[in-house]
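*Asks:* need a 3D model of the following:
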Amino acid sequence: MLIPYFVTILQLILSIEYSYSFKRFKHTQLKYYKAQNSVSFRSLDNLTSYDIYVAGESITIQIPTSVVNVSDIVNWKVVNLKKDRLMFVHKNKPQILIDQKTIRPMKLKPGTNPLTGPIIVFSDNETLHVPTIFNPNLTEPVPELNYIELLHFDDQSAEVSVLRSLPMLKDDWKFIKAWKMMDYIHFDDKLYLLIKRSI
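*Replies:* Numbers count the residues shown, from 1 in each chain. So this is what the prediction gives:
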């Protein structure tokens, strides 16, 4: 009885297409199938100037070391390219950089779970989030989680919301011990995920 559910989930994971939600990426030839790092140094001689890359487009921005540590900013997953309201995720925390001077946490709209896994940034302030689920003893209570979520980051309200999702089935907690995205690859407007699942 459970096999059809697992087969359905596997089919959805192996062939997810969000062609409505993001433009085809314009990566370099070397980075064509993967998104490059969101943040890189403009120059090693000037550690306050950064190139920010999102879905095939980039900008240069100045961020003083008094605002953020260099070791932190290079690990940002940037969501948009607005210099005055730059949204990003760092250590699973959605945040917003305002006027290149102040960093504030973003709020989660009701019904939006905290980020627990990796994200893939699209255009239009959207990201794909694959929550990491870890329940080795198959115990209750289990929060209502989604296997995959399409998130929207709003730079005006500083909120994150779920646009679409693939929710866990009612009794999945009895069988799924672990769920984690390991890697991904995309071809034009098709996205393929490699997910580790333990049952």
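
*Asks:* check the gap between Glu149 and Glu57 for me.
*Replies:* 24 Å (C-beta to C-beta, to the nearest Å). Glycine gets a C-beta too; all of them are placed from N, C-alpha and C.

*Asks:* wait, what's in contact with the residue minimising distance to the centre of the chain?
*Replies:* By C-alpha atoms, centre = their mean, the chain has its centre lying nearest to Ile119, at 1.8 Å. Shown in contact with Ile119 (C-beta atoms under 8 Å, 6 or more residues apart in numbering): Lys77, Val89, Thr127, Leu128, His129, Val130, Leu151.

*Asks:* what about those, which are in strands?
*Replies:* Judged by DSSP state E, the contacts of Ile119 include Lys77, Val89, Thr127, Leu128, His129, Leu151 as members of strands.

*Asks:* can you lay out those as CSV showing pLDDT and neighbour count?
*Replies:* Formatted as CSV, these follow (pLDDT from 0 to 100; neighbours: other C-beta atoms under 10 Å):
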residue, pLDDT, neighbour count
Lys77, 93, 21
Val89, 96, 24
Thr127, 93, 22
Leu128, 92, 22
His129, 95, 24
Leu151, 96, 24
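
*Asks:* ok, Ile98 - contacts?
*Replies:* Here Ile98 is in contact with Asp84, Arg85, Arg104 (C-beta under 8 Å, 6+ apart).

*Asks:* identify the bridge partners of it.
*Replies:* Arg85, Thr102 (DSSP bridges).
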